[in-house]
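S.K.: Quick one, structure for this:
(one chain, ligands or ions: 2)
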Amino acid sequence: MAKVIALANQKGGVGKTTTAVNLGIGLAGEGKKVLLVDADAQGNLTDSLGFHEPDNLSVSLATMLTKAMLEEPYDAREGILYHYEGVDLMPGNIELSAIEVSLVNTMSRETILRSYIDAVKADYDYVLIDCMPSLGMLTINALASADSVIIPVQAHYLPAKGMTQLLQTISRVRRQINPKLVVDGVLLTMVDRRTRFAKDIFFVLRRDYGDKLRVFGTEIPLSVRAAETSAKGRSIYVHDPNGHAAKAYAALTKEVQGIGSERRHARSHQADHSR
Ligand SMILES: Nc1ncnc2c1ncn2[C@@H]1O[C@H](COP(=O)(O)OP(=O)(O)OP(=O)(O)O)[C@@H](O)[C@H]1O
Ligand SMILES: [Mg+2]
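M.R.: Ligands and ions are numbered 1, 2, ... in the order given. Purely as a prediction, here's the structure:
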């Protein structure tokens with residue numbers, strides 16, 4: 001059964017979509033079966049993988065969520081696209097903004113996306129959900145569907161109120177809808193080695209949120225090459241395989257795979273102690 005990871009931060013332009021692409025394709029490169037879900041009405045993830053409207057998008061996440069809301073039986077595999085670098089994609093587009101509105105007046109409005117993810121996740125090792133930059137209904141749905149959250153943070157902005165609000169939302173979803181939800185960590189993105197910002201942010205996160213909020217050991221460097229990939233419809237591993245950004249995303253891929261085993265390890269230790 002897949003591990004479902006939401007990439008979430010209501011702040012825009014922090015690297016959620018770029019991380020979904022390059023972590024997803026990184027995991028596929030490690031032999032994992034990966035589904036990327038574009039839960040953003042901007043459809044950036046879909047575009048970045050080279051699927052442009054209106055060619056391929058007669059069925060999108062909005063179609064599936066509409067069916068789930070109507071409680072109609074549907075084929076959950078319908079509309080899943082395949083990218084040649086080895087990942088599947090459930091595309092998203094502007095129709096998701098209408099879904100965001102209609103969810104508000106729907107029964108089980110927080111768990112509509114979960115019913116879709118539950119219907120497809122048996123086929124995958126990882127499902128990555130690329131969230132939109134808001135804490136609206138679709139992001140709540142993504143958090144309700146996920147096992148864990150990765151929070152990309154742009155290294156040259158000090159995370160202020162926004163981070164507290166995001167963590168509170170995550171806690172609320174955990175309490176009310178999805179008790180298993182954990183934060184895998186904060187991922188520093190667009191790190192410029194010529195400045196100290198990344199170190200300052202690390203310090204502020206530690207000071208304000210303590211050791212409980214893990215910060216990934218891997219930092220994603222500021223890289224023009226990484227920024228170019230979205231227009232090319234491919235990952236950093238193909239676009240600039242020997243560059244810093246490709247190395248960083250490969251390291252992140254390893255780190256993310258390690259998290260599952262770390263937790264299993266911790267649990268089996270606990271079990272040992274409780275015997
Ligand atoms: N490591 C990087 N170095 C330089 N530019 C980057 C890097 N990662 C992403 N970018 C660029 O920064 C912009 C924002 O990245 P991205 O779209 O991944 O963020 P996002 O959090 O998904 O944004 P949104 O909130 O709008 O969905 C894009 O133009 C992207 O190409
Ligand atoms: Mg995005």
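S.K.: For this protein, which residue gets nearest to ligand 2?
M.R.: Using Cβ to the ion, the single residue of the chain nearest to ligand 2 is Thr17, 3.3 Å away. Every C-beta, even on glycine, is put in place using the N, C-alpha and C of the backbone.
S.K.: Can you pull out the residues in contact with the one helix or strand that residue maps to?
M.R.: Element membership of Thr17 [criterion: DSSP states H and E] is helix 16-29. Residues from elsewhere that reach helix 16-29 (Cβ atoms under 8 Å, 6 or more residues apart in numbering): 7-9, 34, 36, 40, 44-45, 48-49, 83, 85-87, 125-126, 128-131, 133, 150, 152, 187, 189, 220, 226-227, 229-230, 235-237, 245, 249-250, 252-253, 256-257.
S.K.: excluding its backbone neighbours, what's nearest Ala248?
M.R.: Nearest residue to Ala248, sequence neighbours excluded (Cβ to Cβ, 6 or more residues apart in numbering): Ile220, at 4.9 Å.
S.K.: mind checking how far the one you found is from Ser148?
M.R.: 18 Å (Cβ to Cβ, to the nearest Å).
S.K.: Please identify which of the two sits among more neighbours.
M.R.: Neighbour comparison, Ile220 and Ser148: the larger count goes to Ile220, with 27 against 19 (by other Cβ atoms under 10 Å).
S.K.: Per-residue confidence, that one, what does it come out as?
M.R.: Ile220 carries a pLDDT value of 96.
S.K.: isn't it right up against Leu188?
M.R.: Yes - using Cβ atoms under 8 Å, Ile220 makes contact with Leu188 at a distance of 6.9 Å.
S.K.: list the buried ones in the helix holding Thr17?
M.R.: Within helix 16-29, the residues scored as buried using 16 or more other Cβ atoms under 10 Å are 16-29.
S.K.: Was I right to think Ser134 contacts Lys11?
M.R.: No - judged on Cβ under 8 Å, Ser134 makes no contact with Lys11 at a distance of 9.8 Å.
S.K.: Send me the strand or helix carrying Met69 as PDB with only the CA atoms.
M.R.: When elements are assigned from DSSP H and E, Met69 belongs to helix 61-70. C-alpha atoms of helix 61-70 as PDB (Å, rounded to 0.1, in the frame of the first residue of the first chain):
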ATOM      1  CA  LEU A  61      -8.800  15.200 -10.800                       C
ATOM      2  CA  ALA A  62     -11.800  17.500 -10.900                       C
ATOM      3  CA  THR A  63     -13.700  14.800 -12.900                       C
ATOM      4  CA  MET A  64     -12.900  12.200 -10.300                       C
ATOM      5  CA  LEU A  65     -13.700  14.400  -7.300                       C
ATOM      6  CA  THR A  66     -17.100  15.300  -8.900                       C
ATOM      7  CA  LYS A  67     -17.900  11.600  -9.200                       C
ATOM      8  CA  ALA A  68     -16.700  11.000  -5.700                       C
ATOM      9  CA  MET A  69     -19.000  13.800  -4.400                       C
ATOM     10  CA  LEU A  70     -22.000  12.400  -6.300                       C
END
